[in-house]
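Trainee: Task: produce atomic coordinates for the following.
(one chain, ligands or ions: 1)
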Amino acid sequence: MNISTRRTTFLEECGVGPLWVRRYAVPYQEIVQIEYAPLETVAPLVPVVATVEPITPTVVTPVLSQIPAVDDMMTAWDNAPSSVPAVIVAAPKLDLHNAAADAVALKANIATMDWRQLKAAVAECTQCGLCHGREHTVFGVGDESAKWLFIGEGPGREEDRQGEPFVGPAGKLLDNMLASVGVKRGENAYIANIVKCRSTDDNGRDRTPSAEEVAACLPYLQRQIALIQPTVLVALGKTAALSLLALDPTTPVSTLRGTVHRYAGLPLVVTYHPAYLLRKPSEKAKAWDDLCLALRCYAPAAE
Ligand code: SF4
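Mentor: Okay, the predicted model is just below:
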């Protein structure tokens, strides 16, 4: 028995079989000598060319240029057939820049006026809405070289009618207050207001002037102060005090009393408005204290 037969018999006895045998052997030389077809014999790849339609460029017109002018648009609206008539309310042309510039220019102009020019300017003034409801402007009254300047809020009904500040019962009380410090209307005392025209609400009742109305009118008072050159200022009531001191509208007058403030370099004393004192006579003693404080400011300058 040759080796191959014996190996087969051995494997069969072990249960491994049948043994698969290649029918013929491939010589080594045949394996390594496989010839490949030369590259040039391979059919060249045909490039795929996509056919794309040329794109025609679109000219885009800037959007803004497509918006018609306002006048053209309004005309188009007017001409457009419609069952509902178009109602176009033209908005008022606001030129805030020019308005602000005008206000600055006017203020500068007021600051150069003499008494005659100033009175004429106030009489003709339309700088705020209060001009529409007034009967008279109330410029102020008194000694134009006075050392005491009393400043109230603005004219009420009677003042508007007569063109003079502090008339009626409140005016009488103020006259008494002036007398207590040794002055009187027209003699070493001048009486003016923060605003020169009466401010009223929709029902025709007196109201506090707005911040805008105060700002519009204040240059007139500032010029009055510059022309009078008083020694002491007395603010009568909340509106006068807060407007001059540029304080928050919620500031109570009571917190401003008893202190010498300054306005335009001058001492300023705050006290209650005579109309308030008429409603609350118990506060008159405090007003007297305030006038004594003002007297202390005035006395050194008077010596
Ligand atoms: S309140 Fe003063 S600013 Fe207003 S219209 Fe009268 S004067 Fe002019």
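Trainee: rest of the way, CA atoms for contacts and neighbours
Mentor: Will do.
Trainee: mind listing what residue 271 touches?
Mentor: The contact partners of residue 271, by CA atoms under 8 Å, 6 or more residues apart in numbering, come to 234, 235, 236, 237, 253, 257, 286, 287, 290, 291.
Trainee: does the ligand sit close to stretch 103-117?
Mentor: No: using CA under 6 Å from any ligand atom, stretch 103-117 stays clear of the ligand, with a minimum separation of 10.7 Å.
Trainee: Alpha carbons only: can I get that stretch in CSV?
Mentor: Output of stretch 103-117 as CSV, limited to C-alpha atoms (Å, rounded to 0.1, in the frame of the first residue of the first chain):
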residue,chain,number,x,y,z
ALA,A,103,-37.6,127.4,18.9
VAL,A,104,-33.9,127.9,19.6
ALA,A,105,-33.8,131.0,17.3
LEU,A,106,-36.9,132.4,19.0
LYS,A,107,-35.4,131.9,22.4
ALA,A,108,-32.3,133.6,21.4
ASN,A,109,-34.3,136.5,19.9
ILE,A,110,-36.4,136.9,23.1
ALA,A,111,-33.2,137.1,25.1
THR,A,112,-32.3,140.3,23.3
MET,A,113,-35.6,142.1,23.6
ASP,A,114,-36.3,145.3,25.5
TRP,A,115,-39.5,145.8,27.5
ARG,A,116,-41.5,147.1,24.6
GLN,A,117,-40.5,144.3,22.2
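Trainee: what residues does it touch?
Mentor: Residues contacting stretch 103-117 (CA under 8 Å, 6+ apart): 118, 219, 220, 222, 223, 224, 227.
Trainee: And stretch 280-289, by the same measure?
Mentor: Residues from elsewhere that reach stretch 280-289 (CA under 8 Å, 6+ apart): 177, 258, 271, 272, 277.
Trainee: go again using 7 Å as the cut-off
Mentor: The contact list for stretch 280-289 (CA atoms under 7 Å, 6 or more residues apart in numbering) reads 271, 272, 277.
Trainee: For the stretch 101-250 of the chain, just list every one of the helices.
Mentor: In the stretch 101-250 of the chain, helices defined by DSSP state H, counting those that start in this stretch lie at 115-123, 157-162, 169-180, 211-228, 238-245, listed in chain order.
Trainee: For whichever residue of the stretch 201-303 of the chain sits closest to the ligand, give me its contacts.
Mentor: Closest residue of the stretch 201-303 of the chain to the ligand, CA to the nearest ligand atom: residue 217 (3.8 Å). Residues near residue 217 by CA under 7 Å, 6+ apart: 194, 195.
Trainee: Report the separation between it and residue 251.
Mentor: Remark: distance between residue 217 and residue 251 (CA to CA, to the nearest Å) = 21 Å.
Trainee: what do you get for residue 162?
Mentor: In terms of CA to CA, residue 162 sits 32 Å off from residue 251.
Trainee: do the same with residue 281
Mentor: In terms of CA to CA, residue 281 sits 22 Å off from residue 251.
Trainee: Low-confidence stretches in the stretch 201-303 of the chain?
Mentor: 300-303 (pLDDT under 70).
Trainee: residues in it within reach of the ligand, list them.
Mentor: 213, 216, 217.
Trainee: What is the nearest of those to residue 185?
Mentor: Nearest to residue 185 out of these is residue 217 (CA to CA; 22.9 Å).
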